[in-house]
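> Fold the following, please.
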Amino acid sequence: MAIDMATLQEEKVLLQKDFEEMKKNIQKVEVDLIQMKANMNAINGAIQQTDRLLNKLKNEGDEKSKALKEMVAKG
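Coordinates of the predicted model:
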């Protein structure tokens, strides 16, 4: 099989098409990655807020328990 100019030109066109498709796919992945990082940050914020509320409830429960114990002790 002889390699001629037309064969090489066809191969180049196919390679350029593959290159552009790969470039487009990489750009999509980069956009998706940015969105996933934003979602991860939002979830982390929700976790922090939940922790804060859990601590608040725990502290309120501890205060109520302490007050009840004091009332029982005073009889």
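> center of this structure - which residue?
Geometric centre of the chain, nearest residue: residue 40, 3.0 Å, by CA atoms, centre = their mean.
> And that one, how close does it get to residue 34?
To residue 34, residue 40 is 11 Å away according to CB to CB, to the nearest Å. Any C-beta I mention is one placed from the backbone N, CA and C, and that applies to glycine too.
> Low-confidence ranges, this structure, go.
Residues of the chain meeting the criterion pLDDT under 70: 1, 75.
> one more time with 90, if that's ok
Counting by pLDDT under 90, the chain has low-confidence residues at 1-2, 60-75.
> residue ranges of the helices in it, please?
Along the chain, the stretches classed as helices by DSSP state H are 5-74.
> circling back: ok, now how distant is the residue nearest to the centre of the chain from residue 20?
Counting by CB to CB, the gap from residue 40 to residue 20 is 30 Å.
> likewise residue 32?
In terms of CB to CB, residue 32 sits 19 Å off from residue 20.
> just residue 67 next, same as before
Between residue 67 and residue 20 the computed distance is 71 Å (CB to CB).
> Same question for residue 49.
44 Å.
> And residue 35, by the same measure?
23 Å.
> repeat for residue 30
In this view, residue 30 and residue 20 are 16 Å apart by CB to CB.
> Check residue 63 too.
65 Å.
> same question, residue 74
81 Å.
> again with residue 61
Relative to residue 20, residue 61 is positioned 61 Å away (criterion: CB to CB).
> what do you get for residue 59?
Taken as CB to CB, the span from residue 59 to residue 20 is 59 Å.
> Residue 42: neighbour count?
Look at residue 42: counted by other CB atoms under 10 Å, it has 10 neighbours.
> from now on call the first residue 33
In the new count, where the first residue is 33, that last one comes out as residue 74.
> Let me see the contact set for it.
If you count contacts by CB atoms under 8 Å, 6 or more residues apart in numbering, residue 74 has none.
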